[in-house]
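Asks: predicted model and sequence follow; I will ask about them next.
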Amino acid sequence: MKTTGEIIKQLRLEKNRTQREVSEALRITSPALSKIENGGTSINMNRLKQIAIYFGVSIAYLLNEEPAVDEMESLKLKILHKDQEISVLQSKVIALYDEARILGKH
């Protein structure tokens, strides 16, 4: 399970941001951000909220308590795909049932 610091680092890297860019946006020093990413310091709720807003994620996501938006979209697409597969299979079952009824009458 990833730590909050690891998640913050991952988000920073995914957005192709340097520690300097992120630390300036958050108005903290680069060494302070480095400590956060490496788990060398705790993060208060105000800072956590600030980081969540900056990266466009929830605090729960930073705390590793919910899936990322991308993961959720991926899961939704998988569910949609499975629903489509079920619909196709249902149609095939109905067609086979109708064919069996017709053949059974002869």
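Replies: Everything's here; your move. Numbers count the residues shown, from 1 in each chain.
Asks: in the strand or helix carrying K35, what counts as buried?
Replies: Take DSSP states H and E as the rule and K35 turns out to sit in helix 30-37. Within helix 30-37, the residues scored as buried using 16 or more other CB atoms under 10 Å are 32-33, 35-37. From N, CA and C alone the C-beta is placed, and that goes for glycine too.
Asks: mean confidence for it?
Replies: Average pLDDT, helix 30-37: 96.
Asks: and the longest helix along the chain, what's buried?
Replies: Criterion DSSP state H: the longest helix present in the chain is helix 69-104. Going by neighbour count (16+ other CB under 10 Å), nothing in helix 69-104 comes out as buried.
Asks: ok, now stretch 5-20?
Replies: Under 16+ other CB under 10 Å, the buried positions of stretch 5-20 are 5, 7-9, 11-12, 17, 19.
Asks: helix or strand right after the helix holding K35?
Replies: Note on helix 30-37: by DSSP H and E, the next helix or strand toward the C-terminus is helix 45-55.
Asks: for that following helix, what is the distance to the chain centroid?
Replies: Averaging C-alpha positions (CA atoms, centre = their mean, to the nearest Å) puts helix 45-55 17 Å from its chain's average.
Asks: that one vs helix 30-37, what angle?
Replies: 90 degrees (axes from the mean of the first three to the mean of the last three CA atoms, to 10 degrees).
Asks: show me what the helix or strand following helix 45-55 is in contact with.
Replies: Using DSSP H and E, the next helix or strand after helix 45-55 towards the C-terminus is helix 59-62. Contacts with helix 59-62, where a contact means CB atoms under 8 Å, 6 or more residues apart in numbering, come from 4, 7-8, 45, 48-49, 51-52, 55, 66-68.
Asks: thank you, goodbye.
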